[in-house]
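Trainee: Give me a 3D structure for the following:
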Amino acid sequence: MLDERRLRRVLEVGRSVVSELDLEALLQRVLEEARELTGARYAALGILDAQRSELERFLTLGIDDETHRQIGALPRGRGVLGVLIDEPQPLRLKDVSDHPRSYGFPLGHPRMTSFLGVPIRVHGGSFGNLYLAEKQAAEEFDEDDEETIVLLASWAGVAISNARAYHGEHDRRQQLEQAVRGLEASTAIARAVGGETDLHRILELIVKRARALVDTRGVLILLCDGDELVVTAIAGQLEGALLDERIPIEGSISGHVLQTRRPERMSNMPDQIRFAMARQLTVSSGLFVPLVFRGRPVGVLNAFDRTSGGEFTADDERLLEGFAASAATAVATAQTVASEGLRKSIAASERERQRWAHELHDETLQELAGLKVMLIGARENRDIDTVHATLDAAIDQIDTEITGLRRLITDLRPAALDTFGVKAALEALAERVTITSGLEIDLDVNLAFESGGAAQRRLVPAQESAIYRLVQEALTNVVKHAAATAVQVSVVEHDGQVEVSVGDDGGGFDPAAATDGFGVLGMRERISLLNGQLDVDSAPGDGTTVHATFAAARVAETDTPATVPRDATG
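Mentor: Numbering: from 1, shown residues only. Predicted coordinates for the structure are as follows:
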């Protein structure tokens, strides 16, 4: 039975380990803590392969690089190490060489006698094993050492699950945000050209948006004209690019892209024989995307040289290819794109965010809740007061981790926004930003209206979502760029108009010298879809204020709770 001091130390280590979301740093931390807790000279962590039949990775602590070089290839899980793979149970040996499965040590391997091995489980399955050797203060590891490492391995399993979930969510969120960026650019084109009939204006909008989308030095549009392609629009700094220049479809890169309907990425452009404009343009890399409308070739969108350097990536290609579909439609039709179609696209993006949030809720939080139940059961089966106290502390920590994951979920799609409305969601958002950034946020949300005794009705979901995203993006910009200490957020309704204002006391900027980033662009598009108006007021040294207004629209006879429980806001 562990004494209180050691058990408290294990719990402190466990809480620290669970808070680490970088998987590599987490594994290294587990090794360090395992060695310190037991007094082992050597520690190792073996990670199983997908079939869980052998070790795919083997991390060590206590063996220097020169000894590693002498040992040679790292173990794959044979001999005593393989015992824990076949039978994932704690294994404690006074002398590892006495075990029947011992194969001995390779040349150059340091001498090891005492041994302690413990499996690490994630979601009930084996993730790997934690190995310790050569207890320095005694001849062998004792029962307390074994119990300590079993507890540490349990914490490690939870931490590994958290880290995997976090990185999986992060990757999915990046993919989703990238898709939304493409969607925003596409919807911007559709909205901008909805009532536009002048082809040159449409082309100008397309090349400017495309250049911003993939961050390039310049973009060209070439449209089909018989067996030739004609440069009809240019954006950016492309020295030598000429409007109305003609190149043959046959034998050129752009022509090949048009004929195959497949985009191409190119490097070392001056050396490309098929690059027909090599003599006019001084560029090093290119991304060529076809413009096709209902199976009919319209032209080619050419982007050259990323401003950040390097070659175009597959992500750039996917972004521009998705954008080109909308661009081709605009060029081919030059007609109004229905605003309802834009609303559906934005709603699809919101539904996708909500789906990820639900998946995290159903999987990760359920696992943590299960661990909580297990620890409660352990407490009920023991009657020692000190153990009860420490188990209570562990349960409290699990509650903290659950709260942290709930906050992560609400970053994707706050449950309070759907359940209780925009006020509750904004209160939770302000609280999270204050905790993570230290900003002082003064939040005023007043969407009450005179209803003649009828039940209070909420704004329609599209407006509530737009308000939340507008404030969220504005606060994100403040944290990243403003160097501010305080922010005032106001969401109020006057005479049927909703007014949203986010003002900070940061460094400000010169609006005349700045261009809209994707954050401001997204805000403008959301407010535009509500037939509203968005203004950004700023000056160097005088802070920044984002102000939006639109006409309020309310759902029919939907009751809104008068009060919202604190724990309902995530």
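
Trainee: Surely Gly496 and Ala552 touch.
Mentor: Yes: look at Gly496 against Ala552 with C-beta atoms under 8 Å: they come within range, at 5.5 Å. C-beta coordinates here come from the backbone N, C-alpha and C atoms, glycine included.

Trainee: Show me which of those two is the more surrounded one.
Mentor: Legend: neighbour count by other C-beta atoms under 10 Å for Gly496 and Ala552, higher for Ala552 (17 against 10).

Trainee: hang on, isn't the more buried one packed against Gln463?
Mentor: Yes: using C-beta under 8 Å, Ala552 is in contact with Gln463, at 7.1 Å.

Trainee: which residues are common contacts for these two?
Mentor: Val498 (C-beta atoms under 8 Å, 6 or more residues apart in numbering).

Trainee: May I have the beta-bridge partners of the residue lying closest to Val478 once chain neighbours are set aside?
Mentor: Counting by C-beta to C-beta, 6 or more residues apart in numbering, Val478 lies nearest to Asp504, which is 4.7 Å off, once chain neighbours are set aside. Going by DSSP bridges, Asp504 is paired in beta bridges with Val487, Thr544.

Trainee: can you count the residues close to Asp504?
Mentor: Counted with other C-beta under 10 Å, Asp504 comes out at 27.

Trainee: and the gap between it and Tyr468?
Mentor: Distance from Asp504 to Tyr468, counting by C-beta to C-beta, to the nearest Å: 18 Å.

Trainee: now Leu243
Mentor: 44 Å.

Trainee: Also Leu45?
Mentor: From Leu45 to Tyr468 the distance is 42 Å (C-beta to C-beta).

Trainee: avg pLDDT for the helix or strand where Ile435 lies?
Mentor: Per DSSP states H and E: Ile435 is located in helix 422-437. Helix 422-437 comes out with an average pLDDT of 89.

Trainee: same check, this time on stretch 206-213
Mentor: Across stretch 206-213, pLDDT averages out at 85.

Trainee: buried ones in it?
Mentor: Ile206, Val207, Lys208, Arg209, Ala210, Arg211, Ala212, Leu213 (16 or more other C-beta atoms under 10 Å).

Trainee: and that stretch, C-alpha only, in CSV?
Mentor: Output in CSV follows, covering the C-alpha atoms of stretch 206-213 (Å, rounded to 0.1, in the frame of the first residue of the first chain):
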residue,chain,number,x,y,z
ILE,A,206,-11.7,36.5,-59.6
VAL,A,207,-8.0,37.2,-60.0
LYS,A,208,-7.8,39.4,-56.9
ARG,A,209,-9.7,36.8,-54.8
ALA,A,210,-7.6,34.0,-56.2
ARG,A,211,-4.3,35.8,-55.4
ALA,A,212,-5.4,36.4,-51.8
LEU,A,213,-6.6,32.8,-51.4
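
Trainee: Strands of the stretch 251-400 of the chain, start to end?
Mentor: Taking DSSP state E, counting those that start in this stretch to define them, one finds strands in the stretch 251-400 of the chain at 264-267, 285-293, 296-306.

Trainee: With only the CA atoms kept, save the first one in CSV.
Mentor: To tie it back to what came earlier, the one meant is strand 264-267. What follows is strand 264-267, C-alpha atoms only, in CSV (Å, rounded to 0.1, in the frame of the first residue of the first chain):
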residue,chain,number,x,y,z
GLU,A,264,-0.8,21.0,-62.4
ARG,A,265,1.9,22.4,-60.1
MET,A,266,5.2,23.3,-61.6
SER,A,267,8.6,24.4,-60.3
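
Trainee: List the contacts of the residue nearest to Val478.
Mentor: Neighbours of Asp504 in contact, by C-beta under 8 Å, 6+ apart: Val478, Ala482, Ala484, Ala486, Val487, Gln488, Gly543, Thr544, Thr545.

Trainee: Make JSON lines from the residues you listed and add neighbour count to it.
Mentor: Formatted as JSON lines, the contacts of Asp504 follow (neighbours: other C-beta atoms under 10 Å):
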{"residue": "Val478", "neighbour count": "26"}
{"residue": "Ala482", "neighbour count": "21"}
{"residue": "Ala484", "neighbour count": "19"}
{"residue": "Ala486", "neighbour count": "14"}
{"residue": "Val487", "neighbour count": "27"}
{"residue": "Gln488", "neighbour count": "16"}
{"residue": "Gly543", "neighbour count": "21"}
{"residue": "Thr544", "neighbour count": "24"}
{"residue": "Thr545", "neighbour count": "16"}
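
Trainee: And the helix or strand hosting Tyr131, what does it pack against?
Mentor: Under the criterion of DSSP H and E, Tyr131 resides in strand 125-135. The contact analysis (3 or more C-beta pairs under 8 Å, 6 or more residues apart in numbering; DSSP states H and E) places strand 125-135 against helix 23-38, strand 40-48, helix 79-86, strand 115-122, helix 143-192.

Trainee: change it to 6 Å
Mentor: With contacts defined as 3 or more C-beta pairs under 6 Å, 6 or more residues apart in numbering; DSSP states H and E, strand 125-135 has these neighbours: strand 40-48, strand 115-122.

Trainee: quick revisit: flag every buried residue along the helix holding Ile435.
Mentor: 422-433, 437.

Trainee: export it as CSV, just CAs?
Mentor: Coordinates of each C-alpha in helix 422-437 appear next as CSV, following Å, rounded to 0.1, in the frame of the first residue of the first chain:
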residue,chain,number,x,y,z
VAL,A,422,-26.3,34.0,-28.2
LYS,A,423,-26.0,35.7,-24.8
ALA,A,424,-25.0,32.5,-23.0
ALA,A,425,-22.6,31.6,-25.8
LEU,A,426,-20.9,35.0,-25.8
GLU,A,427,-20.6,35.0,-22.0
ALA,A,428,-18.8,31.6,-22.2
LEU,A,429,-16.6,32.9,-25.1
ALA,A,430,-15.6,36.0,-23.1
GLU,A,431,-14.7,33.9,-20.1
ARG,A,432,-12.5,31.6,-22.1
VAL,A,433,-10.7,34.4,-23.9
THR,A,434,-10.1,36.2,-20.6
ILE,A,435,-8.7,33.1,-19.0
THR,A,436,-6.4,32.2,-21.9
SER,A,437,-5.3,35.8,-22.9
